[in-house]
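Student: Sequence first, predicted coordinates after that:
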Amino acid sequence: MFKKLFLGTTEINFKMLGTTFYKIFIVETIIFIAILVASLTGILNMNLSVDFTGGTTYQLDTIYTDDDISDVLTNTILEVSRYQTFENSNTIIFRAVESTQENETQFLNYLANKFEVLPNEIEFQRVGPTFGQDITEKGIRALVIFLSLIALLISFRYEYRYSLIALVALLHDLLLTFSIYVLIGLEITPSTVIALLTILGYSLYDTVILFDKLKDTQKSFKISNLNKDVLNKTFNEVLMRSINTSLTSAIPIISIIVIGNYLGIEGNLADFAIPLLIGIVSGTYSSIFVTVPFLSCLLYTSPSPRD
């Protein structure tokens with residue numbers, strides 16, 4: 001089985017499995033919409049960074065231990081959302097949620113006493129939510145423009161039903177990544193928003209490859225309409241290619257996360273790499289298991305020559 005999968009010579013009956021995949025997609029969609037609504041209404045908590053909620057940052061150069069950091073993270077004065085350290089450096093940055101000026105001053109003095117430095121040696125900065133909001137608004141505009149152009153290009157290159165299928169797969173990947181973030185409680189930063197937009201490229205790549213292969217297979221079968229043989233032959237050939245593409249893309253991203261963690265600069269790298277990794281896996285999944293049922297249900301399939 002694995003040898004056939006590697007060589008792209010599997011004989012999975014995707015046409016028969018199309019109905020099953022379609023039911024799975026419906027269940028997924030209901031879950032994604034429920035999570036999205038719960039997040040927007042406050043039932044589920046979105047772990048937004050200070051760039052979206054507003055807050056303060058405290059940067060200092062001092063000798064510290066893991067216990068010192070743990071004490072700061074569990075302090076009762078101000079909620080610290082995250083911290084950042086650097087390899088071969090004594091610099092440490094704490095990010096705290098927005099609070100009153102009194103609490104912020106009290107926390108500043110707490111850090112000065114904790115790390116035995118003067119208060120004026122701590123670089124204090126107040127961050128407003130406008131930066132995160134600006135990134136989000138620009139991201140949404142870019143998303144709308146991107147989806148519109150993709151719909152037009154795919155409709156022109158193939159047909160309008162292909163563009164609908166591609167858009168469904170793209171939205172599936174975005175909602176899946178967002179849902180994982182909400183359920184696990186991962187922090188959403190501006191880098192996360194940028195990564196979500198980057199995911200669209202990976203997702204679209206696999207889907208377009210599938211569409212091109214479908215067109216080539218139709219030509220080899222010398223038919224104008226899709227049928228069971230064309231669908232099965234194409235999906236079996238593309239399956240391993242999609243998996244290989246995903247693996248070759250995921251390996252360097254995993255390396256970035258591991259190296260960033262080792263060097264102590266995992267903050268911004270992880271903010272970008274983690275959603276990208278989730279999106280790559282999701283894109284590979286959707287290019288087959290989301291595209292299959294819609295191609296089976298929405299496109300006209302003529303009888304197979306052997307039927």
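Tutor: Yep, it's here. Numbers count the residues shown, from 1 in each chain.

Student: which residue is nearest the middle of this protein?
Tutor: When CA atoms, centre = their mean is applied to the chain, the residue found nearest the centroid is P275 (3.4 Å).

Student: For that residue, give me the backbone phi and psi.
Tutor: With angles defined as degrees, to the nearest 10, P275 shows backbone torsions of phi -60, psi -30.

Student: and the residue nearest to P293 when sequence neighbours are not counted, how many neighbours?
Tutor: In this structure, P293 finds its nearest non-sequential neighbour in Y22, 3.4 Å apart by CB to CB, 6 or more residues apart in numbering. Glycine gets a C-beta too; all of them are placed from N, C-alpha and C. Here the number of neighbours of Y22 (other CB atoms under 10 Å) works out to 16.

Student: just T91 next, same as before
Tutor: If you count neighbours by other CB under 10 Å, T91 ends up with 14.

Student: which strand residues sit across from it in the sheet?
Tutor: On the basis of DSSP bridges, T91 is bridged to D61.

Student: who's in contact with it?
Tutor: Applying CB atoms under 8 Å, 6 or more residues apart in numbering to T91 gives the contacts Q59, L60, D61, T85.

Student: low-confidence ranges in the stretch 151-300 of the chain?
Tutor: Under the criterion pLDDT under 70, the flagged ranges of the stretch 151-300 of the chain are 221-229, 260-268, 296-300.

Student: Strands along that one, start to end?
Tutor: Using DSSP state E, counting those that start in this stretch, the strands of the stretch 151-300 of the chain run over 226-227.

Student: all helices of it, in order?
Tutor: Remark: helices assigned in the stretch 151-300 of the chain by DSSP state H, counting those that start in this stretch are 160-184, 190-221, 228-263, 266-289, 291-298.

Student: Can you lay out the ones you listed as JSON lines showing distance to E28?
Tutor: As requested, the helices of the stretch 151-300 of the chain are arranged in JSON lines below (distance: least, CB to CB, whole Å):
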{"stretch": "helix 160-184", "distance to E28": "7"}
{"stretch": "helix 190-221", "distance to E28": "15"}
{"stretch": "helix 228-263", "distance to E28": "18"}
{"stretch": "helix 266-289", "distance to E28": "10"}
{"stretch": "helix 291-298", "distance to E28": "11"}
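
Student: Pick the most deeply packed of these.
Tutor: Per residue and on average, the most neighbours among these fall to helix 266-289, with a mean of 22 (mean count of other CB atoms under 10 Å).

Student: Please name every helix or strand in contact with the helix or strand that contains T56.
Tutor: According to DSSP states H and E, T56 maps onto strand 55-61. With contacts defined as 3 or more CB pairs under 8 Å, 6 or more residues apart in numbering; DSSP states H and E, the packing partners of strand 55-61 are strand 91-97, helix 101-114, strand 123-127.

Student: From D67, how far off is K23?
Tutor: In this structure, K23 and D67 are 52 Å apart, going by CB to CB, to the nearest Å.

Student: Give me the more crowded residue out of these two.
Tutor: For K23 versus D67, neighbours defined as other CB under 10 Å are more numerous around K23 (11 against 8).

Student: what's the domain layout of this protein?
Tutor: Taking automatic domain parsing as the domain assignment, the record places the domains of the chain at 14-45+131-301, 55-127.

Student: Now do the first one: distance to the chain's middle.
Tutor: Offset of domain 14-45+131-301 from its chain centre (CA atoms, centre = their mean, to the nearest Å): 9 Å.

Student: And the shortest one, by the same measure?
Tutor: Relative to its chain's centre, domain 55-127 lies at 30 Å (CA atoms, centre = their mean).

Student: What mean pLDDT does it get?
Tutor: pLDDT averaged over domain 55-127 equals 84, rounded to a whole number.

Student: now the end-to-end length of it.
Tutor: Using CA to CA, to the nearest Å, the span of domain 55-127 from its first residue to its last is 5 Å.

Student: Please apply the same query to stretch 30-50.
Tutor: With CA to CA as the measure, the first residue of stretch 30-50 is 30 Å from its last.

Student: from what I can see, N45 looks like it's in a strand, true?
Tutor: No: secondary structure assignment (DSSP: H, G, I helix; E, B strand; the rest coil) places N45 in coil, not in a strand.

Student: I'm done for today, thanks for sticking with me.
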